[in-house]
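Asks: Quick check, what structure comes out for this input:
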Amino acid sequence: MSMTVLRAFSEDMVSKLTGLSTGQLRSWDRSGLFVPSLADDNRRLPYSRAYSFMDLASLRVISTLKFEHGVSTQHLKKAARRLKELGRDDWASQSIYVLKKEVVFENDGRLEVAATGQGVLKIPLKVAFQSVQKDVDALFRRDKSKVGHLSKTRHIMGGEEVVAGTRIPIRSIRSYIDMGLSDQRILTDYPDLKQADIDVVRKAYRDSAA
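Replies: Purely as a prediction, here's the structure:
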């Protein structure tokens, strides 16, 4: 059984990974400049704004356009609306250029805005992706001091008890144990775990059954 982990990033995580404040993220969400793809319709709910990896990459592009190339928020909103009209509101998958602080992008092989190539700067998307992935890996890199421990925090897996430093519920590991699967099988399907994690889950399981 292979495991595919879909990571959703909270506002705090996105703020750390992009350098944008949570206030900025919320403002862009409300204005429609950038709406998180995994957000709940009811933004009043706790942790209602959740972002995907592609959202992170897109935010890096928008942030670069605004803060490094001086593109105004008003112009970015216009560009966002146009991209949405074209069904291409994923900023990170576009070939985006900057000309005189305005966004220019390709549409059916041609530039959306008529302009010469002079002074046009292309956003290095491959670099942006690599940079985001590197920072994400660092954010999710597990603290060695948490190996062999369990934790319970209200904003992780809804307060369910998990293996410390991960989002893996101990019930998932218990299900493997109940099926009689080997520790090696667990470690193969959950590569973030160590043997000490399985041992502490087994101990907790025995203690709860006593």
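Asks: For the rest of this, base every contact and every neighbour count on C-alpha atoms.
Replies: Fine.
Asks: Please tell me how far residue 189 sits from residue 13.
Replies: 25 Å (CA to CA, to the nearest Å).
Asks: Over to residue 186?
Replies: Distance of residue 186 to residue 13, given as CA to CA: 28 Å.
Asks: right, and the helix or strand after the host helix or strand of residue 138?
Replies: Using DSSP states H and E, residue 138 sits within helix 125-140. Following helix 125-140 in sequence order, the next helix or strand is strand 150-151 (DSSP H and E).
Asks: and for the helix or strand just after that following strand, what are the contacting residues?
Replies: As assigned by DSSP H and E, the chain's next helix or strand after strand 150-151 is strand 162-163. Strand 162-163 has contacts (CA atoms under 8 Å, 6 or more residues apart in numbering) with 148, 149, 150, 151, 152, 168, 169, 170, 197, 201.
Asks: Measure how far strand 162-163 is from the centre of its chain, please.
Replies: Strand 162-163 has its C-alpha centroid displaced from the chain centroid by 20 Å (CA atoms, centre = their mean, to the nearest Å).
Asks: With stretch 63-81 instead?
Replies: Relative to its chain's centre, stretch 63-81 lies at 21 Å (CA atoms, centre = their mean).
Asks: Pull out the CA atoms of that stretch and give them to me as CSV.
Replies: The C-alpha coordinates for stretch 63-81 follow below in CSV (Å, rounded to 0.1, in the frame of the first residue of the first chain):
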residue,chain,number,x,y,z
SER,A,63,5.2,38.7,-4.3
THR,A,64,8.1,38.9,-6.7
LEU,A,65,6.0,41.0,-9.2
LYS,A,66,4.9,43.4,-6.4
PHE,A,67,7.9,43.8,-4.2
GLU,A,68,10.9,43.2,-6.6
HIS,A,69,9.4,44.6,-9.9
GLY,A,70,7.1,47.3,-8.5
VAL,A,71,3.9,46.1,-10.0
SER,A,72,1.0,47.8,-8.2
THR,A,73,-1.7,45.8,-6.3
GLN,A,74,-4.3,47.4,-8.6
HIS,A,75,-2.6,46.2,-11.7
LEU,A,76,-2.1,42.7,-10.2
LYS,A,77,-5.8,42.5,-9.5
LYS,A,78,-6.5,43.3,-13.1
ALA,A,79,-4.1,40.7,-14.2
ALA,A,80,-5.7,38.2,-11.8
ARG,A,81,-9.1,38.9,-13.3
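Asks: Alright, that wraps it up for me.
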